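In: quick one: sequence plus predicted model below, questions after.
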Amino acid sequence: MKIREKHLRKLFYIVLILLLLTTSVGRVVSLPFFLFIVSGRSMQPTLYPGDIVLAISGSFKEGDIVIWCTSPIYCVAHRVEKISGNIVYTKGDANPIEDPPISANMVIYRVIGKIPNYLWLTPLLCILIYLSYRKIYVTLKLRPWSFKRGEPLSIAATIVAVFILIDILVLSLTPLPVGSITYYMPKPIVELKSLKRINCDVAINYNVRFTTITGVSTCAIYVSNRTYGCLWRVINGRNILIQIPGEAYWYAYSKGINRLNLALNVSLKNGWLIGNYTIFLKWKKPTINVEGFSVKIHNPNPILLNLTIRILYSILHGPMLSKRNQHMPTLN
């Protein structure tokens, strides 16, 4: 009976040592089989803190739970969301966002199963408590003569050894630190650099950092109580050219309004921008210049003017008057 108990105790220690070696060495070199204890909550409800994960080395696909490590003390068990070439995107089931993309070479193991925490923590603690109690009991009760002879007392050493064993077990299975890699995401910066009218259009130049302009979801011109849609074009990811409809200009001219309100909802690569801008207008009379036999008329306004032109000129038979209606284009 004692021989059998002795062999069982040796077998327990051998298995425990092999598990410790597996969990420790498996972080440095790739082994066919690996054990990993969960210490975070990022994979709930699939994995809970204290669960032992059973993993093997091999191929993986989208939807699998994999273990990737950046160092021997930093390993993460998360689910594969997407694979793009040699880049792998993972995410914890309980996390709101994905992890930073990692190289496929960093993925060492694929999870094939788990041992719930209540199936191994309780039996292990019971066994350790029993072995400690038995060692103390044997020392104090069955061999009291050891105190009289001055033999070294092994009770304190046994207790310390048990706690050291527990610490080694927990530390070798627990990834430190837990969770995902902390990384800094710069805040997009978009500042208005200039806004100027070019002919009938409006050019908006932004100072853009850590993002780019991808489009405009809303573009509207407000003139008094009227609203007009406008066309737009993104240039170089940082400039927007707005084409203001002629109807908006004409209504402002007819009502004597000297400003337009531009409302934009700009789509960014990693966000959006809501802008409200005022475009000032200066209505001017057309200018007329006579140069020799030519008459030049300049319209400085962004609208089409209807002009009645009367020209008095002289020919061989005397002065004559010519009258005609002319549409004067914008800004000519």
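Out: That came through fine. Numbers count the residues shown, from 1 in each chain.
In: mind listing what residue 105 touches?
Out: residue 86 (Cβ atoms under 8 Å, 6 or more residues apart in numbering). From N, CA and C alone the C-beta is placed, and that goes for glycine too.
In: ok so it is a strand residue?
Out: No. Read with DSSP: H, G, I helix; E, B strand; the rest coil, residue 105 is helix and lies in no strand.
In: can you give me the helices for the stretch 51-200 of the chain?
Out: 117-137, 145-148, 155-173 (DSSP state H, counting those that start in this stretch).
In: and the ones you listed, which one is worst for confidence?
Out: For the helices of the stretch 51-200 of the chain, mean pLDDT drops lowest on helix 145-148, to a mean of 50.
In: ok, and the closest non-adjacent residue to residue 58?
Out: residue 110 (5.7 Å; Cβ to Cβ, 6 or more residues apart in numbering).
In: per-residue pLDDT, that neighbour?
Out: Taking residue 110 on its own, its pLDDT is 89.
In: before we move on, what about residue 29?
Out: So residue 29 comes in at 62 (pLDDT).
In: mind starting the numbering at 108 from now?
Out: Sounds good: first residue 108 from here, last item residue 136.
In: pLDDT-wise, which helix or strand of this protein ranks last?
Out: helix 252-255 (a mean of 50; mean pLDDT, DSSP states H and E).
In: if we can go back for a sec, the residue nearest to residue 165 and residue 364, how far apart?
Out: 68 Å (Cβ to Cβ, to the nearest Å).
In: looking at the two, which is more packed in?
Out: residue 217 (18 against 15; other Cβ atoms under 10 Å).
In: now do the contacts for that one.
Out: Shown in contact with residue 217 (Cβ under 8 Å, 6+ apart): 162, 163, 164, 165, 166, 167, 171, 172, 173, 174.
In: also residue 335?
Out: Residues near residue 335 by Cβ under 8 Å, 6+ apart: 327, 328, 329, 351, 352, 354, 355.
In: one step back: bridging residues for the residue nearest to residue 165?
Out: residue 163, residue 173 (DSSP bridges).
In: over to residue 374. Which of the three states is it?
Out: strand.
In: once you drop chain neighbours, what's closest to it?
Out: Ranked by Cβ to Cβ, 6+ apart and with sequence neighbours excluded, the top spatial neighbour of residue 374 is residue 322, at 4.5 Å.
In: ok, the residue nearest to residue 165 to residue 199 distance?
Out: The value you get for residue 217 to residue 199, if Cβ to Cβ is used, is 16 Å.
In: again, but for residue 344
Out: From residue 344 to residue 199 the distance is 33 Å (Cβ to Cβ).
In: of these two, who's got more company?
Out: Of the pair residue 344 and residue 199, residue 199 is the one with more neighbours under other Cβ under 10 Å, namely 23 against 13.
In: quick one on the thing from earlier: just the buried ones from the contacts of residue 335?
Out: 328, 351, 355 (16 or more other Cβ atoms under 10 Å).
In: how about a markdown table for the residues you listed, with distance to residue 412, pLDDT and secondary structure added?
Out: A markdown table is the format used below for those (distance: Cβ to Cβ, whole Å; pLDDT from 0 to 100; DSSP: H, G, I helix; E, B strand; the rest coil):
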| residue | distance to residue 412 | pLDDT | secondary structure |
| --- | --- | --- | --- |
| 328 | 21 | 94 | strand |
| 351 | 17 | 92 | coil |
| 355 | 16 | 92 | helix |
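In: how does the chain divide into domains?
Out: Domain segmentation of the chain under automatic domain parsing yields 108-290, 296-387, 394-435.
In: from the contact counts, what lies against the helix or strand containing residue 329?
Out: Element membership of residue 329 [criterion: DSSP states H and E] is strand 320-330. Under the contact criterion of 3 or more Cβ pairs under 8 Å, 6 or more residues apart in numbering; DSSP states H and E, strand 320-330 touches strand 333-336, strand 338-342, strand 346-350, helix 353-361, strand 366-375.
In: 10 Å - rerun?
Out: On a contact count with 3 or more Cβ pairs under 10 Å, 6 or more residues apart in numbering; DSSP states H and E, strand 320-330 meets strand 308-316, strand 333-336, strand 338-342, strand 346-350, helix 353-361, strand 366-375, strand 378-387.
In: next, the angle from the fourth one to strand 366-375.
Out: When axes from the mean of the first three to the mean of the last three Cα atoms, to 10 degrees is applied, the directions of strand 346-350 and strand 366-375 differ by 140 degrees.
In: how about the fifth one?
Out: Orientation check (the same axes, to 10 degrees): helix 353-361 against strand 366-375 gives 150 degrees.
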